[in-house]
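*Asks:* All I have is the shape, not the residue letters:
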């Protein structure tokens, strides 16, 4: 099973700042099979990025994904108030699919 | 508009069974892989099972193999998860998803005596 480790666990930033979230895998991943989700309290996860760097439908371009091998990153260029949430990375290329434990992005 | 609506959750005793359903609309159901994910209260996300377009390929996380069965009815735009021999650790909000990209709001399964 591929273990995904996200860092930091909590990220405290202000609106307008840049957020960088990391996801490290226990082995090299296919870059076509890494996704990021945003989850707000009481809501289902929302797909933000798939295939490492492709934005999902309706996702603003302040969100970007990058990475290769075992290291992947979600960047939010300028934080908006609605961006504060928990973010999960997900690998869906190998069974079992697995998720990181999440990064909570909170308002500083 | 894509919609996925889960149902069938509830309180069940350990060792009991439940059948979850997911009704899809707003897209061509028969052309997509479908997935069940779950999230224990206050915890992270876990992939449970998925099924291909015609239902002849299915995969499960090890912890549910032999106990859970995923199936689909393309004529009714519906996805199912038959859960048997339920355990306390199966307690979670169960989400139906269109492959990985669109998730329903979930149905809560609580396994407790």
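*Replies:* Perfect, I can see it now. Computed from a prediction, not measured in an experiment: that's the story for all the values here. Numbers count the residues shown, from 1 in each chain, chains lettered A, B, ... in the order given.

*Asks:* Without its sequence neighbours, what residue ends up closest to residue 68?
*Replies:* No chain was given, so I picked chain A. Closest residue to residue A:68 apart from its sequence neighbours, by CB to CB, 6 or more residues apart in numbering or on different chains: residue A:31 at 5.3 Å. Any C-beta I mention is one placed from the backbone N, CA and C, and that applies to glycine too.

*Asks:* wait, I meant chain B there
*Replies:* Spatial nearest neighbour of residue B:68, excluding adjacent residues (CB to CB, 6+ apart): residue B:83 at 5.1 Å.

*Asks:* Next: residue A:36.
*Replies:* Distance criterion CB to CB, 6+ apart; nearest residue to residue A:36, sequence neighbours excluded, is residue A:49 at 4.2 Å.

*Asks:* Show me what that neighbour is bridged to.
*Replies:* residue A:36, residue A:55 (DSSP bridges).

*Asks:* Against residue B:60, how distant is it?
*Replies:* Counting by CB to CB, to the nearest Å, the separation of residue A:49 from residue B:60 is 26 Å.

*Asks:* Compare these two (neighbour count), which wins?
*Replies:* Ranked by neighbour count (other CB atoms under 10 Å in any protein chain shown), residue A:49 and residue B:60 place residue A:49 first, with 26 against 20.

*Asks:* In this structure the more buried one contacts residue A:74, no?
*Replies:* Yes: contact criterion CB atoms under 8 Å: residue A:49 and residue A:74 qualify, at 6.3 Å.

*Asks:* and the residue in chain A that chain B sits nearest to, how many neighbours?
*Replies:* Per CB to the nearest CB, residue A:97 is where chain A lies closest to chain B, at 3.8 Å. Applying other CB under 10 Å, we find 24 residues neighbouring residue A:97.

*Asks:* now it, nearest residue through space, not along the chain?
*Replies:* That would be residue B:47: by CB to CB, 6+ apart, it lies 3.8 Å from residue A:97.

*Asks:* mean confidence for the host helix or strand of the one you found?
*Replies:* According to DSSP states H and E, residue B:47 maps onto strand B:45-51. Strand B:45-51 carries an average pLDDT of 98.

*Asks:* Please apply the same query to stretch B:85-105.
*Replies:* 97.

*Asks:* Using the neighbour-count criterion, name the buried positions in it.
*Replies:* Along stretch B:85-105, these residues count as buried under the neighbour rule (16 or more other CB atoms under 10 Å in any protein chain shown): B:86, B:90-98, B:100-104.

*Asks:* Between those, which sits nearest residue A:64?
*Replies:* Using CB to CB, residue B:101 comes nearest to residue A:64 of the buried residues of stretch B:85-105, at 17.8 Å.
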